[in-house]
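J.: how would this look folded up:
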Amino acid sequence: MSDATGFDLGPLEADVMRLVWEKGEVQVDDVHQALLADREIAYTTVMTVMTRLTRKGLLTRRKHGRAYLYRAARRREEMAESTLHEWSQRFFGGRVLPAVSFLLGRDRLTPDEIAELRRLLERLEEGEER
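T.: Below you'll find the model as predicted:
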């Protein structure tokens, strides 16, 4: 954790957290096998990262036989909100529209995603009118 609000995750830590969120409860071997699909990585490296994430308070673990079962200690949405808030403060002075414009970048969105974004904006507008 970088401070009381933001979370400093390296790329491998972020990948491990994503897998834990997706799977719910995992052993080191579950994460190791999933990571092997994309890269060569040692089991001990994954174990070290998961231990570090536990020390940071981002994972919890409980003994299950001879292994540990790990779960996320924080919701993905909580971490994403905190990280995005910190990022928007750092790069855009906390202004939402420039940050959102940067994230959306017209060339990165498919027509379906643009349509979904329009629907989201309509729902936001409807919510403000009530």
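
J.: C-alpha only now, for contacts and for neighbours.
T.: OK.

J.: any residues touching the longest helix along the chain, and which ones?
T.: The single longest helix within the chain, with elements called by DSSP state H, is helix 111-129. By Cα atoms under 8 Å, 6 or more residues apart in numbering, the list of residues contacting helix 111-129 from outside is empty.

J.: mind redoing it with 10 Å?
T.: Contacting residues not belonging to helix 111-129 are listed as Leu104, Arg106, Arg108, Leu109, Thr110 [Cα atoms under 10 Å, 6 or more residues apart in numbering].

J.: now swap in stretch 14-30 and tell me
T.: Counting contacts by Cα under 10 Å, 6+ apart, the residues outside stretch 14-30 that touch it are 8-13, 31-32, 34-35, 43-51, 53, 58-61, 64, 67-76.

J.: dump the residue contacts of Arg61.
T.: Residues in contact with Arg61, defined by Cα under 10 Å, 6+ apart, are 25-27, 50-51, 54, 67-73.

J.: are any of these buried, and which?
T.: The neighbour-count criterion (16 or more other Cα atoms under 10 Å) marks Glu25, Val26, Gln27, Met50, Thr51, Thr54, Leu69, Tyr70, Arg71, Ala72 among those as buried.

J.: need the pLDDT of the residue nearest to the last one when sequence neighbours are not counted.
T.: Right, the one you point to is Ala72. Residue nearest to Ala72 in three dimensions, not counting chain neighbours: Leu59, with 4.5 Å by Cα to Cα, 6 or more residues apart in numbering. Note for Leu59: predicted pLDDT of 97.

J.: what do you get for Thr83?
T.: Each residue has a pLDDT score; the one for Thr83 is 86.
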